[in-house]
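Asks: Build me a model:
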Amino acid sequence: MSQGMNQPENLYDAPSDQQLLNRSTARSSTASAEDTHLVDLLRQGDEQTFAMLIDRYHSTLLRLALMYVMVHAVAEEVVQETWLGVLKGLSRFEGRSSFKTWLFHILTNCAKTRAQREKRSIPFSSLASDDPEQPEYAVEPDRFLGADQEWPGHWVSFPANWDNMPESRLISQETRQHVLAAIDMLPAHQRAVVQLRDVEGWTAEETCNLLGISETNQRVLLHRGRSKVRKAVEAYFDEEGK
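Replies: Residues are numbered from 1 along each chain as shown. Now for the predicted structure:
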C-alpha cells in the first residue's frame, strides 16, 4: 500500500476518536450537545434526521470524493458507502470528535480504499502540490504597470468594487450558482480547500487535519483558489452589466 493510504482495521472507525482528539483543538474535535442529540436520533432510527444530514453534506462529500477517485459515478458510490458507514459505526461514536469530523474521515477512508481498488492510490497530500515558493499569478500580470513604466507594479485597472452593488444581487441564487460553478472549475486540490473553508465554513486547522496538508500549503491553495473564483465572478458581473 502506498504512503498515505494506510487504513484503520475497521473502515468505519475512521480514525479512532482518540487520534482525532490528539490532532484537533478541543473546540473542533469534541462533540457538541447538538452532535450528541443528532447521534441519539440516528441510533433511534430517525429517518428525518438522516435525510437532513444527506441534504446538508452530500454535495460536499461528493466533491471531496472526487479528489480521490476522479470518476463521478465512482464518487457517488463512495458517498453511499460513507452513509452506510455512518449507520454501521453509530454504536462506536463516543463523542470525543465532532460528528462532522467523524463523518468526513469515514468519507476519506472509503475514498482511499476505493481509489486503491481502482489503482489510483494517490494521497491527497501529493495532489496538493502547490509550492508556496513557485509563483502562480492570482491576477493577470497585464493588469499591472510594467518595469519600464513610471509606477511599476501599480494597477492598470483596479479590481471591481462591489461595495455599492445591491446586496440582493450579491446573494442571489444565480450569483451563488456562478460561484459554485467557479469552484467546481478549480484544480482538484484548490477546489477541496475552497469548498471546505468558504462553503462549509471549516477552520484552517480542521481543513489541514482532514486533507493531510500543512498550514502553509492550505493558505496558498486557499488564496489561489479564491483569486480564480473572484475572477470568474467578476467576469460574470461584467457580462451581466453589458
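
Asks: in stretch 30-44, what's buried?
Replies: Burial within stretch 30-44, assessed by neighbour count using 16 or more other CB atoms under 10 Å, is assigned to 30-31, 35, 38-39, 41-42. C-beta: built from backbone N, CA, C; applies to glycine.

Asks: want to try a markdown table for these, with pLDDT, distance to Gln190 and secondary structure as columns?
Replies: Formatted as a markdown table, those follow (pLDDT from 0 to 100; distance: CB to CB, whole Å; DSSP: H, G, I helix; E, B strand; the rest coil):
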| residue | pLDDT | distance to Gln190 | secondary structure |
| --- | --- | --- | --- |
| Thr30 | 75 | 30 | coil |
| Ala31 | 79 | 30 | coil |
| Asp35 | 89 | 29 | helix |
| Leu38 | 91 | 31 | helix |
| Val39 | 93 | 33 | helix |
| Leu41 | 94 | 36 | helix |
| Leu42 | 94 | 33 | helix |
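
Asks: helices and strands of this protein: which one has the lowest mean pLDDT?
Replies: helix 17-22 (a mean of 35; mean pLDDT, DSSP states H and E).

Asks: ok so, going back, in CSV: the buried residues of stretch 30-44, plus distance to Ala182.
Replies: Output for the buried residues of stretch 30-44, formatted as CSV (distance: CB to CB, whole Å):
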residue, distance to Ala182
Thr30, 34
Ala31, 34
Asp35, 32
Leu38, 32
Val39, 35
Leu41, 36
Leu42, 34
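
Asks: helices and strands around the longest helix along the chain, which ones?
Replies: Ordering each helix of the chain by length in residues (DSSP state H) puts helix 215-240 first. Contact analysis of helix 215-240 by 3 or more CB pairs under 8 Å, 6 or more residues apart in numbering; DSSP states H and E lists helix 173-184, helix 188-194, helix 204-211 as its packing neighbours.

Asks: Single out the most deeply packed of those.
Replies: helix 188-194 (a mean of 24; mean count of other CB atoms under 10 Å).

Asks: can you list the domain ranges for the protein.
Replies: Per automatic domain parsing, the domain ranges recorded for the chain read 17-122, 127-240.

Asks: ok, back up a step: in the longest helix of the chain, which residues are buried?
Replies: Applying a neighbour-count criterion of 16+ other CB under 10 Å, the buried positions in helix 215-240 are 217-230, 232-233, 236.

Asks: quick one: contacts of the helix or strand where Glu34 lies?
Replies: Remark: Glu34 resides in helix 33-43, with elements defined by DSSP states H and E. With contacts defined as CB atoms under 8 Å, 6 or more residues apart in numbering, helix 33-43 is touched by 31, 49-50, 53, 86-87, 90-91, 93, 95, 98-100.

Asks: Would you check how far apart Asp40 and Gln177 are?
Replies: Asp40 sits 36 Å away from Gln177, going by CB to CB, to the nearest Å.

Asks: before we move on, what about Leu196?
Replies: Taking CB to CB as the measure, Leu196 and Gln177 are separated by 19 Å.

Asks: What is the neighbour count of the closest residue to Gln195 other than its chain neighbours?
Replies: Spatially, and ignoring its direct neighbours in sequence, Gln195 is nearest to Arg63 (5.3 Å; CB to CB, 6 or more residues apart in numbering). Other residues lying near Arg63 total 22 when counted by other CB atoms under 10 Å.
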